[in-house]
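Asker: Let's see this in three dimensions:
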Amino acid sequence: MNLYGPVKVGGDILAYCGKCKRDLAHVIVAMMGTKPARVICKTCQSPHNYRLGEGSASVKKTSSLSPKVPRATKTFVKNSEYWEQKMATKKQLPMKPYKTQELFKLGDVISHSKFGLGIVEEVKDNGKIVVLFRDEERTLIHGIGSSDR
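Answerer: Next up is the predicted model:
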């Protein structure tokens, strides 16, 4: 039951019209179970999917008291722990700055300007390396312009 009577195909309902930009009377033309799916605006005659009226009491309002802070995901925590273990064993190795022209080998510790410290986990034969950074593994290019590839 709504403001205009029972909710049924051919019945009237209050809904938001995107074309008119306001809550207006609509005619229900399709239902999904017990809820209206498609409606036609009685003012502009445009058909559209049913959108709950903005002034409706059942519209959820979000609280603006505290912004949502993203939580660390399980994969991030796993990668971070694994990265820390690997870095602890590589502390004595020299750190190489990442450059696309530089050739890297398995186990090299690199310093990337955007991703931070990483360890070369895999050297692929197509001029790419898989590097483990604190947040995730990334595939990077290396050896550009080098004849040793």
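
Asker: How about K86: what's its closest non-neighbour residue?
Answerer: Spatial nearest neighbour of K86, excluding adjacent residues (Cβ to Cβ, 6 or more residues apart in numbering): I119 at 5.2 Å. Glycine gets a C-beta too; all of them are placed from N, C-alpha and C.

Asker: actually L14, not the one I typed
Answerer: Nearest residue to L14, sequence neighbours excluded (Cβ to Cβ, 6+ apart): G53, at 4.8 Å.

Asker: Same question for S146.
Answerer: Nearest to S146 is L103, by Cβ to Cβ, 6+ apart, at 5.5 Å.

Asker: The strand ranked longest in the chain pairs with which strands?
Answerer: Determined from DSSP state E, the single longest strand within the chain is strand 22-32. Here strand 22-32 is paired, per DSSP bridges, with strand 12-17 (antiparallel), strand 35-41 (antiparallel).

Asker: who's in contact with it?
Answerer: Residues from elsewhere that reach strand 22-32 (Cβ atoms under 8 Å, 6 or more residues apart in numbering): 4, 7-17, 36-43, 47, 50, 53-56.
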